[in-house]
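**Student:** give me coordinates for this.
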Amino acid sequence: MPNDQTLELEYIEIETGDQPDAAVIWLHGLGASGDDFVPSVPELDLPPELSIRFIFPHAPMLPVTINGGMVMPAWYDILEMSIERKVDQVQLERSAQATLGLIETQIARGIDSQRIVLAGFSQGGAVAYEAALSCPHKLAGLMALSTYFATQESIQLNPANANLSIGVFHGIYDPVVPEALAHQACDKLRSMGFAPEYWSYPMEHSVCPAQILEMSHWLQQCLK
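**Tutor:** Got it, this is the predicted structure:
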């Protein structure tokens with residue numbers, strides 16, 4: 001990616017204890033902000049001995065074609081809301097590169113890459129798929145929330161994460177990202193040699209209490 005295309009992300013940082021030795025980088029969905037999932041940190045009810053630095057980046061402001069060209073927080077433009085989800089792949093990859101930059105920052109601050117989890121909701125999840133599976137550093141896990149694998153045909157997998165733990169969480173009534181896209185992502189991941197875990201919930205395009213509980217258990221397993 002050319003230097004003049006480098007994207008630097010502003011973010012919210014929350015630490016659950018002194019001297020955190022793990023990090024979760026959590027990307028929000030279209031039109032939201034890093035504030036969106038901040039309330040989820042206490043809801044995860046993580047054990048006090050698990051000291052984590054949560055990073056909630058803010059997406060850049062971009063015009064979004066499917067919303068009439070309205071400028072809003074977006075990780076990439078969505079050109080068509082077809083089942084294939086026609087997206088601006090250059091912008092998506094640029095956001096993924098910026099996310100990899102956040103990983104590098106956490107490593108420079110003393111967090112072992114194997115204790116870094118990437119998480120993303122909807123658009124943020126599509127970026128998280130790209131960033132995590134192409135990352136040159138071995139990560140702890142990838143948490144894909146109500147999302148889809150937009151770059152499944154173009155991604156350059158990095159062998160460092162060939163055995164990455166992947167948790168996929170989706171609502172069975174999701175009208176924005178149909179559950180079929182989550183199943184499609186899992187099928188593609190299995191064909192690539194991954195073993196994603198899958199959970200579904202009677203909800204739409206959102207997060208529910210039962211999911212928060214399962215996410216907490218999954219995070220603790222990744223970071224135990």
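
**Student:** what are the boundaries of the strands in the protein?
**Tutor:** 11-15, 22-27, 52-57, 61-64, 70-73, 78-80, 86-87, 116-121, 141-145, 166-171, 197-201 (DSSP state E).

**Student:** number of nearby residues for Pro159?
**Tutor:** 8 (other Cβ atoms under 10 Å). (C-beta placed from N, C-alpha, C; glycine too.)

**Student:** and it, what's its pLDDT?
**Tutor:** Per-residue confidence (pLDDT) for Pro159: 98.

**Student:** so it versus Val127, what's the distance?
**Tutor:** 21 Å (Cβ to Cβ, to the nearest Å).

**Student:** how much space between Leu219 and Ala195?
**Tutor:** Taking Cβ to Cβ, one finds Leu219 at 17 Å from Ala195.

**Student:** these two - which one has more neighbours?
**Tutor:** Using other Cβ under 10 Å as the criterion, Leu219 and Ala195 rank with Leu219 on top: 22 against 11.

**Student:** would you confirm that the more buried one contacts Leu118?
**Tutor:** No - with contact defined as Cβ atoms under 8 Å, Leu219 does not reach Leu118; the gap is 11.7 Å.

**Student:** give me phi/psi at the nearest residue to Asp88 once chain neighbours are set aside?
**Tutor:** Once flanking residues are discounted, Asp88 sits nearest to Asp77: 4.0 Å by Cβ to Cβ, 6 or more residues apart in numbering. The phi/psi pair for Asp77 (degrees, to the nearest 10) reads phi -80, psi 140.

**Student:** neighbours of Asp77, how many?
**Tutor:** Counted with other Cβ under 10 Å, Asp77 comes out at 19.

**Student:** OK, contacts around the residue lying closest to Pro47 once chain neighbours are set aside?
**Tutor:** Nearest non-adjacent residue to Pro47, counting by Cβ to Cβ, 6+ apart: Gln220, 7.2 Å away. Gln220 makes contact with 46-47, 50, according to Cβ atoms under 8 Å, 6 or more residues apart in numbering.

**Student:** kindly report the same for Gly171.
**Tutor:** Contacts of Gly171 by Cβ under 8 Å, 6+ apart are 146, 179, 200-206, 208.

**Student:** any of those residues buried? List them.
**Tutor:** 146, 200-201, 203, 205 (16 or more other Cβ atoms under 10 Å).
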